[in-house]
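1. this is a predicted model, with the sequence first.
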Amino acid sequence: MSRWKPPGPKSSPYITPEGYQSLEIELRDLWTKRKEVTQALSAAAAEGDRSENAEYIYRKKELRGIDRRIHYLQKRLPSLNIVSQPPDDQDRIFFSAWVTLENETGEEVTYRIVGADELNPKKHYISLDSPLARALLKKTFDDDVAIKNELKEIRYTVVDINYGNR
């Protein structure tokens with residue numbers, strides 16, 4: 001039985017200036033944290049038998065995770081396209097738009113369409129690659145959008161489109 005999985009679909013290469021800046025800050029902070037973890041790892045290694053040294057094992061795992069993320073960010077940052085200008089047609093939904101939707105019961109929800117690297121449900125940021133964002137692209141005011149999954153279909157109406165900061 002093999003553990004190999006085929007690679008997932010590539011995420012879109014678009015990012016907002018704020019998102020790019022936060023990834024750069026994360027990369028810089030990871031290098032600082034890596035220095036601290038390396039020092040702690042050296043101290044743990046000096047304690048003797050590494051096979052039963054929980055501190056050593058933990059720090060090795062932590063260092064692998066940091067190195068993995070650093071490697072990802074170093075490859076990903078140069079390939080990203082920073083979208084800093086709003087589109088000419090601001091009555092349609094495109095990347096970086098704040099979109100207010102109303103569902104069938106009259107409840108409103110607002111999302112911002114951002115790149116896959118900026119995804120943050122707490123801030124109501126949805127990925128450009130998500131089914132909802134794909135359905136919303138190029139829609140305008142009062143357009144209806146239907147999202148289907150295995151269980152049900154959810155319908156929304158576009159109430160507002162905004163390209164400013166919230």
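-> Here it is on my side, so go on.
2. give me the below-cutoff pLDDT ranges for the chain.
-> 1, 165-166 (pLDDT under 70).
3. wait, Ser79 touches Pro13, no?
-> Yes - using C-beta atoms under 8 Å, Ser79 is in contact with Pro13, at 5.7 Å. All C-beta atoms are positioned from the backbone trio N, CA, C, and that covers glycine.
4. neighbour-wise, which of these two wins?
-> Legend: neighbour count by other C-beta atoms under 10 Å for Ser79 and Pro13, higher for Pro13 (15 against 8).
5. could you pull up the residues touching the more buried one?
-> 79-81, 115 (C-beta atoms under 8 Å, 6 or more residues apart in numbering).
6. count the residues that sit near the spatially closest residue to Leu136 that is not a sequence neighbour.
-> Excluding its sequence neighbours, the residue lying closest to Leu136 (C-beta to C-beta, 6 or more residues apart in numbering) is Ile93, at 4.8 Å. Counted with other C-beta under 10 Å, the neighbours of Ile93 add up to 24.
7. tell me how far Ile93 lies from Leu137.
-> 6 Å (C-beta to C-beta, to the nearest Å).
8. now the common contact residues for these two.
-> Common contact partners of Ile93 and Leu137 (C-beta under 8 Å, 6+ apart): Ile113.
9. so what's the residue nearest to Glu18 when sequence neighbours are not counted up against?
-> Excluding the flanking residues, the one nearest Glu18 by C-beta to C-beta, 6+ apart is Glu118, at 7.9 Å. Each residue near Glu118 by C-beta under 8 Å, 6+ apart is listed here: 15-16, 18-19, 22, 125, 127.
10. among these, which ones are buried?
-> 15-16, 19, 125, 127 (16 or more other C-beta atoms under 10 Å).
11. I'd say Ile82 and Thr16 touch.
-> Yes - Ile82 lies in contact with Thr16 (C-beta under 8 Å); the separation is 7.4 Å.
12. list the buried residues of stretch 117-127.
-> Quick answer for stretch 117-127 (16+ other C-beta under 10 Å): 117-119, 125-127.
13. so which of the contacts of Pro13 belong to strands?
-> Asn81 (DSSP state E).
14. report the two of the contacts of Pro13 separated the most.
-> Greatest spacing in the contacts of Pro13, by C-beta to C-beta: Ser79 and Gly115 (11.3 Å).
15. redo the contacts of Glu118 as a markdown table? Include secondary structure and distance to Tyr111.
-> Shown next, in a markdown table, are the contacts of Glu118 (DSSP: H, G, I helix; E, B strand; the rest coil; distance: C-beta to C-beta, whole Å):
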| residue | secondary structure | distance to Tyr111 |
| --- | --- | --- |
| Ile15 | strand | 17 |
| Thr16 | coil | 14 |
| Glu18 | helix | 16 |
| Gly19 | helix | 15 |
| Ser22 | helix | 19 |
| Tyr125 | strand | 7 |
| Ser127 | strand | 10 |
